[in-house]
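**Student:** Fold the following, please.
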Amino acid sequence: MTTSIPVQFQRVRPQEDADLACPLPQTEGAAGLDLPAAVPVPVTLKPREFARIPTGFAMALPPHHEGQVRPRSGLAAKHGITLLNSPGTIDADYRGEIQVIVVNHSNEAFTITRGMRIAQLVVAPVARIDISEVSILDATERGAGGFGSTGVVAG
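**Tutor:** Okay, the predicted model is just below:
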């Protein structure tokens, strides 16, 4: 059974960005909506360089939901292009333009052009938590074992 969540999108600059496609899934089974680059002129990222790229859209999520901005696997695998804060979180009460911090991890320059699908957006429910401060936490087998404490070999 498919659950439908109402999400409204608004063009931030209707006249300038009328040519941009509204974020949509590209296939029936896609989990994410592709976000376009709303750059007025191409942006070239040198190796190891990053830039904040506008999408031309703002959105209204329903309460208790978030937008997770994630890299596109094809850009990462073929060009070393990913996102610095991945996944980026868009809160349900944010109404500003969606922007994406794109980074070039490759050894070659990469150019972002207008309308290029640069990231994907997945909408997910957010659980509300009931916080209580305590003086002692319950014990577990792992305890306070941190980074690497469970090893790297399966079994």
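**Student:** Can you report phi and psi for Pro25?
**Tutor:** Backbone geometry at Pro25, expressed as degrees, to the nearest 10, gives phi -70, psi 150.
**Student:** per-residue confidence for the spatially closest residue to it that is not a sequence neighbour?
**Tutor:** In this structure, Pro25 finds its nearest non-sequential neighbour in Leu33, 5.6 Å apart by Cβ to Cβ, 6 or more residues apart in numbering. Just so you know, the C-beta spots here come from the backbone N, C-alpha and C atoms, and that holds for glycine as well. Leu33 carries a pLDDT value of 95.
**Student:** ok, now which ones touch Leu33?
**Tutor:** Each residue near Leu33 by Cβ atoms under 8 Å, 6 or more residues apart in numbering is listed here: 23-25, 120-122.
**Student:** and stretch 114-129, how far apart are its ends?
**Tutor:** Stretch 114-129 has an end-to-end distance of 40 Å (Cα to Cα, to the nearest Å).
**Student:** now stretch 93-107
**Tutor:** Stretch 93-107 has its terminal residues 38 Å apart, counting by Cα to Cα.
**Student:** And the helices in this protein?
**Tutor:** Ranges of helices in the chain, per DSSP state H, are 73-79.
**Student:** if we can go back for a sec, buried ones only from the contacts of Leu33, please, as a ChimeraX command.
**Tutor:** ChimeraX command restricting the contacts of Leu33 to the buried ones, with burial defined by 16 or more other Cβ atoms under 10 Å:
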select :23,120,121
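**Student:** Could you work out the most separated pair of the contacts of Leu33?
**Tutor:** Leu24 and Val122 (13.3 Å; Cβ to Cβ).
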